[in-house]
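Visitor: Using only what follows, build the 3D model:
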Amino acid sequence: MIYFDILEFKKELSPNHRLLCLDVGMVRTGYAFSDKRKILATGHGVFNLKKQKITSSSLLDIMEAEESYGIVIGYPLQMDGTPGKSCAMVDKFISKFLLCLEQPIFLQDERLSTSAVNRYFKEMDLTRKKQSEGSDKAAACYILQTTLERLRN
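Guide: I've put the predicted structure just below:
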C-alpha cells in the first residue's frame, strides 16, 4: 500500500523494525536505514544502476538482513507541488520493484533535499568528486530523517 499521509503510514509500521529509504535516480539509487526505534537515519549505500541490477528479490534480501519493515521513497514533486517527470520515474520504480514486496510505502516530498545535501557538502569543504560519491546516499539519509521527524511529531 502506498501512503501520502504520514499518520496512515505510521499505523502500518511494526515496532522494533527499521525503515528503508530509497532516493531513486536515473543512474544511481541511494539507500538508508533507520534504527529500530525510528529516531536516526543512516546512509548505507548506493546502487549504481549502470553496473548492478536492482530486483525485488535483492531489495527484499537487504530488508530482511537489516530487519526492516516499511519503505520511504523520495518523491520529487515540482516546486508548485505537482508531480513531474521525475515522479513518473519513481512511480515506475515502485510498480516494478516494490509493490510485490507487500510493505507499506510512504512517499516523502523531497523538494530541496538535494540542495540541502549539496549545501552541507559545501560547508564541509568536500571536493566535487567526494560530493558526487556521497550525494545519493546522503540524500536518502536526509529524506529518511525528514520522515522520522514527521513520524515523531
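
Visitor: could you pull out the helices for this structure?
Guide: Assigned by DSSP state H, the helices in the chain fall at 6-12, 56-65, 85-93, 113-123, 128-152.

Visitor: Just the mean pLDDT for the third one, thanks.
Guide: Within the predicted structure, the mean pLDDT of helix 85-93 is 93.

Visitor: what does it contact?
Guide: Under the criterion C-beta atoms under 8 Å, 6 or more residues apart in numbering, residues L22, V24, M26, T29, I73, G74, Y75, P76, L77, L107 lie in contact with helix 85-93. No exception for glycine: its C-beta is placed from N, CA and C like everyone else's.

Visitor: wait, the fifth one sits on I105?
Guide: In other words, I73. Yes: with contacts defined as C-beta atoms under 8 Å, I73 counts as touching I105 at a distance of 6.2 Å.

Visitor: V46 is nearest to which of the helices of the chain?
Guide: Distance to V46, taken as C-beta to C-beta, is lowest for helix 128-152 among the helices of the chain, at 4.8 Å.
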